[in-house]
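**Student:** Here's my sequence, what's the structure:
(chains A and B)
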Amino acid sequence: MSKKVKVRFAPSPTGDLHVGNIRTALFGWAYARHTGGTFLFRIEDTDTTRVTDEYIAAAMDTLKWLGLNWDEGPEVGGDNGPYLQSQRLDIYAHWAAKFLDQKDAYRCYCTPVELEATREKQRAANVAPGYDGHCRDLSDAQIADYKSQGRESVIRMRMPDGGTTFNDLIRGDVSFDHKFVPDFVLARADGSPLYTLAVAVDDVLMKVTHVLRGEDLLSSTPRQIRVYQAMGVAVEDYPVFAHLPFVMGQDNAKLSKRNGEVSIAWYREQGFLPEAICNYLALLGWSPGDDRENVTMKELCELFTIEKVHASPARFDMKKLEAINGDKLRALTIDEFLKWSLPFLKSAGIITGTDVEIALVKKALPIIQERIIKLNEIPQMLKFLFVKNFAVESDSISKITDDASKEVLKRSLKELAPLAAWSHDVIEGVLRKSLIEEMGLKPRIAFGAVRIATTGSTISPPLFESMELLGKAASLARITSAIAL
RNA sequence: GGCCCCGUCGUCUAGCGGCCUAGGACUCUGGCUUCUCAAGCCAGCUACGCGGGUUCGAAUCCCGUCGGGGCUACCA
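**Tutor:** Numbers count the residues shown, from 1 in each chain, chains lettered A, B, ... in the order given. Model (predicted):
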């Protein structure tokens, strides 16, 4: 029996979580759920200059909103905390010191200027740039000399000769010759750890079994494995790696703020459902292996395996996300749809949230459910029902001021005024008989005029249902004032 | 430059030696339906980067080539 799976998601929140981050989190979460394992969430904030508390809070909020709950990490706790690397500094210092003792690491007194000069020389000579091992085997006298010069020292890991081969779950065996993996820095002069030290130490200490991360970290893997070795971890206890391909932007450049929206917070504001985002992202670089594309979170957990993850990058396609969002929206029950809609109507200032308003919204939602692809379209669609100072859209006014339109509106008013029952089928029956049959008009012409007069726009939910919801008094009042335009 | 990764319709993908004259989805185009807009239905366009092998047979295996990407920090 293999050991229980523990997958970690360990972002470095230097900004809002973006599409790529979330795809990684989603895959890790799904894999943990699929295997009945643990999903661990850790914050990599060793670069204190770029990670802020706000970003950390936002990251947790985003994860929760998407339904990617973690079993171990900030807020929920666990046996291997703390889960913020900034709170684990003594742990990293301990290991760095140990590596120094073991001679796996050494102090490097080179200055940034010297290092850059070396790199410059290497570039000029067309050889692989990287640390040249200058301080690898300093004598006591040399060290004393550097110290007397007041030089500070970083801690560098010694990369032994040979190479590293590891099995990536997505890419198969990947090998690196250590000739191209220079000695790397574990800790800065002030003792603070770098990513490579912290990530490896934490993954081991937190008993992580699977590391799913972006392929930009692929070539840093030999360095992490080197840390495992120095820690004395048995090979069979190394975490297994799976490097996910990138999510690219529409123009095949790496996804960035410049070309397409990357922040998940933006999608939330636009009115994408978390389930749609997850469904779409799941299809980017993974497929269930058959033709199904509509998967629920539950199905994703059941179906997700790393073997089905692609090695090649995928382009982000907003149109497809929108299509999926529309499908998910249409699959909602009215009560669910209502719950998602209300915040958008309120923040747009269309309603304040009274019971009367909510009841009307609930009645109106069925007629717009199949007409929208994002929740942020709802305010515009239902505005006509709630607006206090109703006015026909300026673009549409000219379409109902001609004589023919006036005739349509006058006739409509005359036919509708006496109506005792105000329901969409009664309204439709009366208008069809008078405008279409008796006046001989084309439906789109006749109903178009009434539509503009009552909803204020050439585009609206179905006309007769809209008029029913609007009510008789308001409908007739709007037609009356339209005739006067 | 070096090292590493990747390469099926415009996009996401199915495909793991014969079921492929390459399937599905999104997009796009045309049509049907129709009170607008949608939704729905039908039809259509478009792909195995290229060149060599291996094999009776290759999108599937091998080599090369070209193209794309990542890394090459006291960032992650």
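**Student:** what residues are up against the residue nearest to residue A:230 when sequence neighbours are not counted?
**Tutor:** Of all residues not flanking residue A:230 in the chain, residue A:104 sits nearest, at 4.1 Å (Cβ to Cβ, 6 or more residues apart in numbering). For every residue, glycine as well, the C-beta is placed using N, CA and C. Residues in contact with residue A:104 (Cβ atoms under 8 Å, 6 or more residues apart in numbering) are A:157-158, A:229-230.
**Student:** cutoff 7 Å now
**Tutor:** For residue A:104, the contact set (Cβ atoms under 7 Å, 6 or more residues apart in numbering) comprises A:157-158, A:230.
**Student:** Distance check, it against RNA strand B.
**Tutor:** For residue A:104, the distance to RNA strand B equals 17 Å [Cβ to the nearest atom of the strand, to the nearest Å].
**Student:** would you turn the contacts of residue A:104 into CSV with distance to RNA strand B?
**Tutor:** Shown next, in CSV, are the contacts of residue A:104 (distance: Cβ to the nearest atom of the strand, whole Å):
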residue, distance to RNA strand B
A:157, 11
A:158, 15
A:230, 17
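**Student:** helices or strands up against the helix or strand hosting residue A:164?
**Tutor:** When secondary structure is defined using DSSP states H and E, the element that contains residue A:164 is strand A:163-168. The helices and strands touching strand A:163-168, judged by 3 or more Cβ pairs under 7 Å, 6 or more residues apart in numbering; DSSP states H and E, are strand A:172-177, helix A:221-231, strand A:240-244.
**Student:** Show the contacting residues for the residue in the stretch 101-250 of chain A positioned nearest to RNA strand B.
**Tutor:** For the stretch 101-250 of chain A and RNA strand B, the shortest gap (Cβ to the nearest atom of the strand) falls at residue A:195, measuring 3.1 Å. Taking Cβ under 7 Å, 6+ apart as the criterion, residue A:195 is in contact with A:44, A:46.
**Student:** Recalculate using a threshold of 6 Å.
**Tutor:** By Cβ atoms under 6 Å, 6 or more residues apart in numbering, residue A:195 lies in contact with residue A:46.
**Student:** How much space separates the residue nearest to residue A:230 from residue A:10?
**Tutor:** Separation of residue A:104 from residue A:10 (Cβ to Cβ, to the nearest Å) stands at 24 Å.
**Student:** for residue A:229, same thing?
**Tutor:** Following Cβ to Cβ, the distance that separates residue A:229 from residue A:10 is 21 Å.
**Student:** Residue A:350 too?
**Tutor:** Here the criterion is Cβ to Cβ. By it, residue A:350 lies 41 Å from residue A:10.
**Student:** Please pull out the lowest mean pLDDT helix or strand from chain A.
**Tutor:** In chain A, the helix or strand scored least confidently by mean pLDDT, DSSP states H and E is helix A:112-124, which has a mean of 87.
**Student:** Beyond that one, next helix or strand please.
**Tutor:** Past helix A:112-124, heading to the C-terminal end, the next element that is a helix or strand (DSSP H and E) is helix A:140-148.
**Student:** for the record, mean pLDDT for that following helix?
**Tutor:** Regarding helix A:140-148, the rounded mean pLDDT is 95.
**Student:** Which residues does the first helix or strand past that helix going along the chain contact?
**Tutor:** Note on helix A:140-148: by DSSP H and E, the next helix or strand toward the C-terminus is strand A:154-157. Where contact means Cβ under 6 Å, 6+ apart, the residues beyond strand A:154-157 that reach it are A:96, A:105-106, A:108, A:183-189, A:226.
**Student:** likewise stretch A:454-465?
**Tutor:** Contacts with stretch A:454-465, where a contact means Cβ under 6 Å, 6+ apart, come from A:367-368, A:384, A:392-393, A:396, A:424, A:427-428, A:447, A:451, A:466-467, A:475, A:478.
**Student:** Three-state assignment for residue A:27, please.
**Tutor:** Following DSSP: H, G, I helix; E, B strand; the rest coil, we place residue A:27 in the helix state.
**Student:** measure the closest residue to it other than its chain neighbours to residue A:168 for me?
**Tutor:** Among residues not flanking residue A:27 along the chain, residue A:212 sits closest, at 5.5 Å (Cβ to Cβ, 6+ apart). When distance is defined by Cβ to Cβ, residue A:212 is 11 Å away from residue A:168.
**Student:** Just want to know which of the two has more residues nearby.
**Tutor:** Between residue A:212 and residue A:168, counting by other Cβ atoms under 10 Å, residue A:212 is the more crowded of the two (27 against 18).
**Student:** ok, now which ones touch the more buried one?
**Tutor:** A:27-28, A:242.
**Student:** Check residue A:270 too.
**Tutor:** So, once contact is read as Cβ under 6 Å, 6+ apart, residue A:270 ends up touching A:374, A:376.
**Student:** Can you tell me which of the contacts of residue A:104 has the most neighbours?
**Tutor:** Greatest neighbour count in these, by other Cβ under 10 Å, goes to residue A:157: 24 neighbours.
**Student:** Just the local confidence number for it, please.
**Tutor:** At residue A:157 the predicted local confidence, pLDDT, stands at 97.
**Student:** one step back: what about residue A:350 and residue A:10, which has more around it?
**Tutor:** When neighbours are counted by other Cβ under 10 Å, residue A:10 comes out ahead of the other of residue A:350 and residue A:10, with 24 against 20.
**Student:** just checking, the more buried one touches residue A:41?
**Tutor:** No. Distance between residue A:10 and residue A:41: 7.6 Å, which falls outside the contact criterion (Cβ atoms under 6 Å).
**Student:** mind listing what residue A:288 touches?
**Tutor:** Applying Cβ under 6 Å, 6+ apart to residue A:288 gives the contacts residue A:303.
**Student:** and it, helix, strand or coil?
**Tutor:** coil.
**Student:** any idea how far residue A:370 is from it?
**Tutor:** From residue A:288 over to residue A:370 (counting by Cβ to Cβ), the distance is 26 Å.
**Student:** distance between stretch A:400-418 and the chain's centre?
**Tutor:** Taking the mean of its C-alpha atoms, stretch A:400-418 sits 50 Å from the chain's own mean (Cα atoms, centre = their mean, to the nearest Å).
**Student:** which residues touch it?
**Tutor:** A:430, A:434, A:446, A:449-450, A:452-453, A:479, A:482-483, A:485.
**Student:** Next: stretch A:307-322.
**Tutor:** The set of residues external to stretch A:307-322 that reach it, using Cβ under 6 Å, 6+ apart, is A:170-171, A:245-248, A:255, A:280, A:284-286, A:289, A:373.
**Student:** what do you get if the cut-off is 7 Å, keeping everything else the same?
**Tutor:** Applying Cβ under 7 Å, 6+ apart, the set of residues contacting stretch A:307-322 is A:19, A:27, A:170-171, A:244-250, A:252, A:255, A:260, A:272, A:276, A:280, A:284-287, A:289, A:373.
**Student:** mind showing which ranges of chain A have poor pLDDT?
**Tutor:** Within chain A, the set of residues satisfying pLDDT under 70 comprises A:1-2, A:251-260.
**Student:** All the strands of it, residue numbers only.
**Tutor:** According to DSSP state E, chain A carries its strands in the segments A:6-9, A:38-41, A:105-108, A:154-157, A:163-168, A:172-177, A:185-187, A:210-214, A:240-244, A:247-248, A:314-315.
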